[in-house]
Structures are given as structure tokens and as C-alpha cells.
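>>> everything below, folded, please.
(one chain, ligands or ions: 2)
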Amino acid sequence: MSAAREERARAAREADRLAAQGVSGVVLTMVDTAGITRVKTVPVSALPDAVRWGVAMPPVFDLFLADDSVTTGGHTRAPEGDLRLLPDLDRLTPLAAQPGWAWAPADRHDQRGTPYPGCQRLFARRMTERATERGLALRMGFETEWVVGRDTDPSPSPSRTAAGPAYGMARFVELSDYLRDVLDALVAQGVAVQQLHPEYAPGQFEVSVAPADPVGAADLAVLVRETVRAVSARHGLTASFAPVVEAGAVGNGRHLHLSLWQDGRNLCRDGDGQHGMTAVCEAFLAGVLRELPALLALGAPSAASYLRLEPSRWAGAFQCWGPENREAAIRFVAGAPDAGWAANAEIKSFDAAANPYLAVGAVIAAGLAGIDAAATLPPPEVGDPAEVGGHKRLPTSLTEALAHFERSAVLREALGESLFGAVVAVRRAEAARFEGATPQSIVAATRLRY
Ligand code: GLU
Ligand code: MG
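Numbering: from 1, shown residues only. Ligands and ions are numbered 1, 2, ... in the order given. Here you go, the predicted model:
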């Protein structure tokens, strides 16, 4: 049997299995350049066709802004044309908080079945393969933070619920049933939850999940967010994943943890480099650190991101790294001596307005460039860089991050012209949209979009 027919036969079996479980339809997701998850759905009976032919999704989504307006700036592409969303059967998951629905992330191909160079998920896969070609594997995991409220009105100040103390039991008790349902839904979907806890800001919670391969980690970021959103809706709550929910306060991050592996060995430890990391790991992290101002155009892609990325809010506003330093953009975690898997680095500056596929792919590209250049890390930062002084602030606006991005030869080469151009066009338009806007109006416009 040809590979295509085999895949189709597999989809037919999956469809039967889903139907037997009472699933009616499958949601196919893609995340657009602006970081919004967009969907098409098909009835389960149409899954084999979707796997064979894809589901129509025009390329114009690459030029959507977070408010659904469409830009053409810089990167001209005709409004016509079509692409096909191809569901990844390996990730097909019945959705616990949306009974009757299953989910699969999708890649985008053209109508002839050729992979589309502007597909963000395929980009993440390409960069993963680049690492594989060098004998390197990456394990990655996003932490998801969100704030619950009881309102749907995108006013600048949310009507919070669970406003008890930070990390407090009171807040946890108030939403005990809700949090149990979040946990149950994730676990029922096979998500390896590591932790679920109240965060710093009123109404804020966080869930972290076990590391996966880079594309898997990005897929999980989508699944975790949509699961939290769905459980929230069932409890009459709104969940905000936006970088900020209130101007001038701690926001929502979506930190990215990563470790680098070779032949089953974690290169973040048992080496001769700084804090026990190997030279390869150090070079990778040095590459990421160097590229961070440009990476922010992908990892912190909204005007709102820069309201969050402030010093002394654990958001990673300075271009430095440090062991267990929560103010450094890259926090290095050595892990316990007998837990070889645990050593990792955490990129703190990223938030959930980011397209997770672009974020993981670009981080890999920057890290591999660091390895190519045999880059080394500067001395680690100890203490709060805002107080120690002398450290380079990361970009303080989207416009500034975009200027770094446009100058980044590493990211331009890795993304390719199609993706690079789409990112530039969308970021430019997002920056223009909020030019001169007050923090309050930026928050109001973005708080319930992501
Ligand atoms: N909420 C903080 C942020 O904006 C992060 C808090 C933490 O360290 O987990 O990234
Ligand atoms: Mg956190």
C-alpha cells in the first residue's frame, strides 16, 4: 500500500474509534503569525479525506493581526489562493472539556501536496531536523499562565475572581472544583501535568507539563491553553492568556524550558562548562542569548508583551542569564545531582501571544548558530539585574524588537523569505496599530484575544 493510502486507512480506523467514543467532529488548529489559534472542523467521517486531501485554509491568515484585521504591508500576497490543513494523526486527542470533539494540530500544504514554506509548524519541524542532523535532540516545555475573571467585557480592569493571596491556599480553595476539572481534563487527554498552582497576580494560575520534542511542546501549548479555556467556560469563567491583564501589574508569561540531548545524555549537565553544562549546551544557550532581542519579535510579539516585560516582575527583561535567577532572561536550572533529566534552561521573556511553533523553531535556529560559532556565555548574573545595574535591557517595545529581528541574518535564513516576510508585515502592522496608545487601551484591546 502507498504511504498515502496507508495514512488514509489509519485515519479511517481512528475515525471509527472516535465515533465509537461518541466523538462527532475533529477540530484542526493552526496558529497564525499574530499568535491566534484558528480552526476548521470536520465531522469524524470526513477525517480520512482530511488526511488525504487536507482542509481548505487560505494563506491570508498569515497576514491576520490579533484583532482580525488583515495587513498587506511589505509582504504582498494576493487574496486568492488556497492551502490545505493536514491533521497530524499522531496527536489526535478527544477533548475532555468539549465532549463530542477531538483535536489535531495541522500542517499546511499546497493543493498539490507540497509543504508550504510559510507553515509555522513545518518550520518548527525543519529546525528540529537541523538539530537531529547534528546528532542533537531537544526536549522542550512551555509553562502556561492565565488569569481567570468573570467578565467577557474587554474593559481594562478585569473583574477578578480568586483574588486571594499570591500562591495562597485561599485562592486555591475558592476555585477548587474548577482547578480539579482543569487537571482532570488535561490528564484525561494524556497530558503529563507536572504542576498546577496559583501564581503571583490576583486570579492567576499556572500549569506546567512534562518536556516533549519541540513540535510536541508547541502542540501541547495549544492543547493546554484550549483545554483551560474550555474548562473555564464550563465554569462561567473567562481565562485571559494575554501578556497583561492589567496595566502596570505582573502579567502572564509563557516561559520555554529546554534541554539539549545527545545519545541519550543531557548536555545541560556533567560538562566542564559554566555550572556544569557541556560546551555544546553553553554554545547553544549563548546563541539564544545573543539572538534574544530579535527572538522577542517571535516570543513576545504583541505591543502588550512590552507592558509585561518589565524589570522586577520575573519576566526576564534583561539580556543575561543566571543559575536559578528569575530576573534573568535565561534561567539555568542545574537540577538535583541524581536527576539527570532535570537540568535545563528556561527562557522567561516569552509570553502566550507568541506562536509556539515559531518560538521553538527560532530558538533552535539561534542555538545552532551559537554552536556553529562556538559561542560562550558571559559570566552568570547573580541577583536582580535591575538592582545590580550595567545590564542590557531587552527591547522595550515591539518596534525595537522588530528592528532587531529585521537585522537578524540567523532568523531570516532559518525562517525563509515567506515566513520572515509575514512576521515583519504583521509585527509592523501590530506596532502601527498601537502607536501612541495608552497602556490601558493596549490591555483592553488584547486582554481577551489570546
Ligand atoms: N508571571 C511572570 C511572567 O510574567 C512569571 C512568574 C514566574 O516566575 O513564574 O512571566
Ligand atoms: Mg510562573
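>>> so which bits of the chain are right by ligand 1?
145, 199-200, 250-253, 308, 313-315, 326, 348 (C-beta under 6 Å from any ligand atom). Any C-beta I mention is one placed from the backbone N, CA and C, and that applies to glycine too.
>>> one more pass at 5 Å, please.
Residues of the chain lying near ligand 1 by C-beta under 5 Å from any ligand atom: 251, 253, 314-315.
>>> which helix is the longest one in the chain?
The single longest helix within the chain, with elements called by DSSP state H, is helix 409-433.
>>> possible to save the residues of the chain next to ligand 1 as TSV with secondary structure?
Conversion of the residues of the chain next to ligand 1 to TSV gives the following (DSSP: H, G, I helix; E, B strand; the rest coil):
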residue	secondary structure
251	coil
253	coil
314	coil
315	coil
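>>> residue 218 is in contact with residue 125, correct?
No - using C-beta atoms under 8 Å, residue 125 is not in contact with residue 218; the gap is 9.8 Å.
>>> coming back round to it: and which of the residues of the chain next to ligand 1 is nearest ligand 1?
Taking C-beta to the nearest ligand atom as the measure, ligand 1 lies nearest residue 253 of the residues of the chain next to ligand 1, at 2.3 Å.
>>> quick check: phi and psi at that closest one.
When quoted as degrees, to the nearest 10, the phi and psi of residue 253 stand at phi -100, psi 170.
>>> could you give the average pLDDT over stretch 138-148?
Mean pLDDT, stretch 138-148: 97.
>>> re the thing from before, tell me the buried residues in the longest helix of the chain?
Applying a neighbour-count criterion of 16 or more other C-beta atoms under 10 Å, the buried positions in helix 409-433 are 410-412, 414-415, 418-431, 433.
>>> and the very next helix or strand once past it, C-alpha only, in PDB?
Moving toward the C-terminus from helix 409-433, the next helix or strand (DSSP states H and E) is helix 439-446. Only the C-alpha atoms of helix 439-446 are listed here, as PDB (Å, rounded to 0.1, in the frame of the first residue of the first chain):
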ATOM      1  CA  PRO A 439      -1.100  51.000  28.300                       C
ATOM      2  CA  GLN A 440      -4.800  50.800  29.300                       C
ATOM      3  CA  SER A 441      -6.000  50.800  25.800                       C
ATOM      4  CA  ILE A 442      -3.400  48.200  24.700                       C
ATOM      5  CA  VAL A 443      -4.600  46.000  27.600                       C
ATOM      6  CA  ALA A 444      -8.300  46.500  26.700                       C
ATOM      7  CA  ALA A 445      -7.600  45.600  23.100                       C
ATOM      8  CA  THR A 446      -5.600  42.400  23.800                       C
END
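>>> list the buried residues for helix 439-446?
So, applying 16+ other C-beta under 10 Å, buried residues of helix 439-446: 439, 442-446.
>>> and that helix with helix 409-433, angle?
Computed by axes from the mean of the first three to the mean of the last three C-alpha atoms, to 10 degrees, the angle separating helix 439-446 from helix 409-433 equals 100 degrees.
>>> got the contact list for helix 439-446?
Residues from elsewhere that reach helix 439-446, judged by C-beta atoms under 8 Å, 6 or more residues apart in numbering: 66-67, 154-156, 242-248, 302-304, 307, 353, 434, 437.
>>> can you find the helix or strand in this structure with the smallest mean pLDDT?
helix 385-388 (a mean of 80; mean pLDDT, DSSP states H and E).
>>> need the contact list for the spatially most central residue of the chain.
The centroid of the chain falls nearest to residue 356 when counting by C-alpha atoms, centre = their mean (2.8 Å). Residues in contact with residue 356 (C-beta under 8 Å, 6+ apart) are 31, 142, 217-218, 221-222, 254.
>>> in strands only, show me the contacts of helix 439-446.
With DSSP state E as the criterion, strands contain none of these.
>>> which members of these are classed as buried?
Looks like the contacts of helix 439-446 have 66, 154, 156, 242-247, 302-304, 307, 353, 434 buried, using 16+ other C-beta under 10 Å.
>>> tell me which of the residues you listed is nearest to ligand 1?
residue 243 (7.6 Å).
>>> can I assume that closest one is in contact with residue 301?
No - here residue 243 lies out of contact with residue 301, judged by C-beta under 8 Å, at a distance of 9.3 Å.
>>> where do the contact lists of those two overlap?
residue 353.
>>> and the contacts of stretch 243-252?
With contacts defined as C-beta under 8 Å, 6+ apart, stretch 243-252 is touched by 145-147, 149, 156-158, 200-201, 203-204, 240-242, 253, 300, 302, 304-305, 307-309, 313-315, 351-353, 438-440, 442-443, 446-447.
>>> I figured residue 30 hits residue 64, correct?
No - the pair residue 30 and residue 64 fails to qualify as a contact (C-beta under 8 Å) at a distance of 10.9 Å.
>>> neighbour count winner among those two?
Higher neighbour count among residue 30 and residue 64: residue 30, with 24 against 19, using other C-beta atoms under 10 Å.
>>> in contact with the residue in the stretch 1-150 of the chain that ligand 1 sits nearest to, which residues?
Closest contact between the stretch 1-150 of the chain and ligand 1, by C-beta to the nearest ligand atom, is at residue 145 (5.3 Å). If you count contacts by C-beta under 8 Å, 6+ apart, residue 145 has them with 199, 204-206, 241, 252-254, 352.
>>> buried set for stretch 201-212?
Neighbour count says stretch 201-212 has 201-209, 211-212 buried, by 16+ other C-beta under 10 Å.
>>> so which of the contacts of stretch 243-252 belong to helices?
305, 307-308, 439-440, 442-443, 446.
>>> check those residues and tell me the two furthest apart.
305 and 440 (16.0 Å; C-beta to C-beta).
>>> overlap of the contact sets of residue 30 and residue 64?
Here residue 30 and residue 64 have residue 38 as joint contacts, going by C-beta under 8 Å, 6+ apart.
>>> count the residues that sit near residue 272.
9.
>>> actually residue 59, sorry about that
For residue 59, using other C-beta under 10 Å, the count is 20.
>>> can you give me the pLDDT of it?
88.
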